[in-house]
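Enquirer: the following block contains a protein sequence and its predicted model.
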Amino acid sequence: MSISHTLLGLLEAGPRHGYDLKRTFDEKFGHDRPLAYGQVYATMSRLLKNGLVEVDGTESGNGPDRKTYAITDAGITDVEQWLASPEKPEPYLQSTLYTKVVLALLTDRPAGQLLDTQRAEHLRLMRNLTDRKRRGDLADQLICDHALFHLEADLRWLELTAARLERLAAEVRR
Amino acid sequence: MTSAAPAGSLLTATGLHKAYGSTPALDGASFSIHPGEVVAVMGPSGSGKSTLLHCLAGIVTPDSGLITYDNRNLSAMADRERSALRRSDFGFVFQFGQLVPELTCVENVALPLRLNGAKRKDAERTALSWLERLEVDTVAAQRPGEVSGGQGQRVAVARALAPNPRVIFADEPTGALDSLNGERVMELLTDAARSTNAAVVLVTHEARVAAYSDREVVVRDGKSRDLTLEFTG
């Protein structure tokens, strides 16, 4: 999963400071693997350097000053491109795909289209494997079958998610 | 959704609408296929994919929209003309072979040829060559009730291919088979169709079956989406 794209996507809802970003990330995507503070600040400073975010203001309090970050137009384009590009089909993609779907819903982008694009990419690879299997020997067939069954599982997940998009949208936007 | 049909298409549909009572089955679906091409029609249950297949095959008449086969308007044809076209140009494979139980396997395959006017001997000779090609010539003299599901489905594929159709409509052709038999049926069906330059409209909800196609069209809520055409413009 791309943490920088996910944090950028979260900033589309409005400027936030690092702690806020971490908390939202953990709540939506972290589950059993919360993000380390250091990782948030390192990511934000890299995004800042690349012009994808800018400092929107600084909050002063008892502790150190806290910077508030806002996404730039270049940052929005970057998220847009990430969401629109299918992932290379491979086993155990679910966490990245899940993140993309949730972010698309959170940012009012067409999540169904994202799933369709991914399905086409998966099927493209499945066609290549099926073709290789037809021309290959038994070893080739077994190796291709293993990959095909994993891809098929991903596709079933894509189907089910497509069927549950409305419910998921209602839940993530709560 | 596709708008204009690509040049060289054999069978095209644009803006199809079909409702059963107040339930819409197709809501502006479009489709196109070239000779020799295998197109998978995918989508969840109840999405309208079987209705799309039935409209394309002239079995169901859409409420509105245009279907063109070989530059002829299918929707404007009389029932008799459409039936004749189905016999001469189209072949069908269904989930459960739907073979005639009283006839032997070779007689089943010969049946469409006989209906098109072929003599019994000629029809059965051609039928037997198709059974050989589909690796089921050993069951030629048996009745459908005496053969396995996989063998029966291969006989059904042979029956669809025997009259040299230009379009084969296959509705979940491997739905009742195990993985190994399903794969072999798909290999034999697509190899035979490609070698005779027949187009195959393949309705399936299984990705592994769809992987035998050249491209897929997704039907959801009665609307079809041809991603390959969108990508290639």
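Expert: Right, received. Where do you want to start?

Enquirer: and the closest residue to chain A within chain B, what does it touch?
Expert: When scored by C-beta to the nearest C-beta, chain B has residue B:211 as its residue closest to chain A, at 3.9 Å. Quick note: C-beta positions are derived from backbone N, CA and C, even for glycine. When contacts are counted by C-beta atoms under 8 Å, 6 or more residues apart in numbering or on different chains, residue B:211 touches A:123, A:126-127, A:129-130, A:148.

Enquirer: so where's chain B uncertain?
Expert: Applying pLDDT under 70 to chain B flags residues B:1-5, B:225-233.

Enquirer: residue B:31: what secondary structure?
Expert: Secondary structure assignment for residue B:31 (DSSP: H, G, I helix; E, B strand; the rest coil): strand.

Enquirer: once you drop chain neighbours, what's closest to it?
Expert: residue B:13 (4.5 Å; C-beta to C-beta, 6 or more residues apart in numbering or on different chains).

Enquirer: in contact with the one you found, which residues?
Expert: B:29-32, B:52, B:55-56, B:62, B:65-68.

Enquirer: what's in contact with the biggest helix by length in chain B?
Expert: In chain B, ranked by residue count with DSSP state H as the criterion, the top helix is helix B:179-195. The contact list for helix B:179-195 (C-beta under 8 Å, 6+ apart) reads A:134, B:36, B:38, B:93, B:133-135, B:149-150, B:153-154, B:157, B:161, B:168, B:170, B:173-174, B:177, B:198-200, B:206, B:208-209, B:212-213.

Enquirer: from these, which ones fall inside strands?
Expert: Judged by DSSP state E, strands contain the following of those: B:38, B:93, B:168, B:170, B:199-200.

Enquirer: ranking the residues you listed by neighbours, who comes first?
Expert: residue B:170 (29 neighbours; other C-beta atoms under 10 Å in any protein chain shown).

Enquirer: which non-adjacent residue is nearest it?
Expert: Closest to residue B:170 by C-beta to C-beta, 6+ apart is residue B:93, at 4.3 Å.

Enquirer: and the residue nearest the centre of chain B, bridged to which residues?
Expert: Note on chain B: the residue nearest the mean C-alpha position is residue B:169, at 0.8 Å, using C-alpha atoms, centre = their mean. Here residue B:169 sits in beta bridges with residue B:92, residue B:201, going by DSSP bridges.

Enquirer: shaky segments in chain A?
Expert: For chain A, the ranges with pLDDT under 70 are A:1, A:31-32, A:61-65, A:90-94.

Enquirer: coming back round to it: which among the contacts of helix B:179-195 end up buried?
Expert: A:134, B:36, B:38, B:93, B:133-134, B:150, B:153-154, B:157, B:161, B:168, B:170, B:173-174, B:177, B:198-200, B:206, B:208-209, B:212-213 (16 or more other C-beta atoms under 10 Å in any protein chain shown).

Enquirer: restricted to helices, list these.
Expert: A:134, B:133, B:150, B:153-154, B:157, B:161, B:208-209.

Enquirer: measure how far the longest helix of chain B is from the centre of its chain, please.
Expert: Mean C-alpha position of helix B:179-195 versus that of the full chain (C-alpha atoms, centre = their mean, to the nearest Å) differs by 13 Å.

Enquirer: repeat that for stretch B:196-204.
Expert: Distance, centroid of stretch B:196-204 to centroid of chain: 6 Å (C-alpha atoms, centre = their mean).

Enquirer: how about the CA coordinates for it, as PDB?
Expert: What follows is stretch B:196-204, C-alpha atoms only, in PDB (Å, rounded to 0.1, in the frame of the first residue of the first chain):
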ATOM      1  CA  THR B 196     -13.600 -21.800 -38.500                       C
ATOM      2  CA  ASN B 197     -13.600 -18.000 -37.900                       C
ATOM      3  CA  ALA B 198     -16.800 -18.200 -36.000                       C
ATOM      4  CA  ALA B 199     -17.500 -15.500 -33.400                       C
ATOM      5  CA  VAL B 200     -18.300 -16.700 -29.800                       C
ATOM      6  CA  VAL B 201     -20.600 -14.800 -27.400                       C
ATOM      7  CA  LEU B 202     -19.700 -16.400 -24.100                       C
ATOM      8  CA  VAL B 203     -21.900 -15.600 -21.100                       C
ATOM      9  CA  THR B 204     -20.100 -16.500 -17.900                       C
END
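
Enquirer: perfect, I'm done here.
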